[in-house]
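# structure for this input, please:
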Amino acid sequence: MRIGRDARVLGAHKTGDRSYLLGLVQGFASLPGDHQFLLYFDQPPPELNLPPQFEIRTAPAAHPRLWTPFVLPRVAREDRVDVLQVQYIAPGCRHPRVVTTIHDVTYRLHPEWFPFKDRVLLDLGIRRSLSTVAGVITGSECTRRDLGQVYGLAPERIAVTPYAAPVGFARASSEQVSEVLQ
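Numbering: from 1, shown residues only. You can find the predicted model right below:
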């Protein structure tokens, strides 16, 4: 199976979205079978140490806002990916099959925390995306419920895949916890 992934967040500063995708790459690398993964960027990515089944594909756009709706689906079709995974906003295509990851809908639940423009763009983009994607991935039952309440999304369209600690994460000793709490 050929799986494509919008990987632009790997070039960003350390964020939760970036950590999530790095964990996903580690998880994908351990899958049994003959899978190929294509990581899509709009500009040359930073140096990445990736397993051999991962391929980087850079496809620039004339304007950043044109990348997701036009460039990403075109290169995914050219590469014959079976599934394309994105975060939040999906291109409006049905081929390849598109799956989006939505971590939360805080912008709707606590609008006071977000600028008006960001709230409107996220809401419109996600509303449109939910009408075309094959499915939604989220990290918690809470977000699954929120997606149902806010967007009327049927629970069977949402797969909950709980977040996990990264490889190499070690539990702190009780002495370390006490030291931090002091």
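
# from here on, contacts and neighbour counts on C-alpha atoms
OK.

# where does this protein dip in pLDDT?
Along the chain, the parts satisfying pLDDT under 70 run over 167-169.

# mind doing that once more with 90?
The model of the chain has pLDDT under 90 over residues 11-19, 22-34, 46-53, 65, 92-96, 163-182.

# quick check, central residue of it?
Gln87 (3.2 Å; CA atoms, centre = their mean).

# looking at it, that residue is touching Thr101, isn't it?
Yes. Between Gln87 and Thr101 there is a contact under CA atoms under 8 Å: 4.6 Å.

# contact partners for the residue nearest to the centre of the chain?
Each residue near Gln87 by CA atoms under 8 Å, 6 or more residues apart in numbering is listed here: Asp6, Thr100, Thr101, Ile102.

# work out for me the element the second one sits within.
Assigned by DSSP states H and E, Thr100 belongs to strand 97-101.

# tell me what that strand is packed against?
strand 83-87, strand 135-138 (3 or more CA pairs under 8 Å, 6 or more residues apart in numbering; DSSP states H and E).

# distance of Ala154 relative to Val98?
Using CA to CA, to the nearest Å, one gets 17 Å for the distance from Ala154 to Val98.

# oops, could you answer that again for Gln36 instead?
Gln36 sits 16 Å away from Val98, taking CA to CA as the criterion.

# what of Val150?
With CA to CA as the criterion, Val150 and Val98 are 21 Å apart.

# who's more crowded, these two?
Remark: of Val150 and Val98, Val98 carries more neighbours, 24 against 13, as counted by other CA atoms under 10 Å.

# and the gap between the more buried one and Ala76?
10 Å.

# what is in contact with these two at once?
With CA under 8 Å, 6+ apart as the test, Val98 and Ala76 both reach Leu84.

# any idea how far Leu66 is from the residue nearest to the centre of the chain?
Distance from Gln87 to Leu66, by CA to CA: 16 Å.

# list the buried residues of stretch 150-157.
Across stretch 150-157, burial judged by 16 or more other CA atoms under 10 Å covers Leu153.

# can you tell me what sits against that stretch?
Arg108, Arg127, Leu130, Ala134, Gly135, Val136, Arg144, Arg145, Leu147, Gly148.

# what sits against the closest residue in space to Gly139 that isn't next to it in sequence?
The shortest distance from Gly139 to any non-neighbouring residue, by CA to CA, 6 or more residues apart in numbering, is to Pro162 (4.4 Å). Each residue near Pro162 by CA under 8 Å, 6+ apart is listed here: Thr138, Gly139, Ser140.

# element containing Pro162, please.
Judged by DSSP H and E, Pro162 forms part of no helix or strand.

# start the count at 22, not 1, going forward
All set: I'll call the first residue 22, so the last point we hit is now Pro183.
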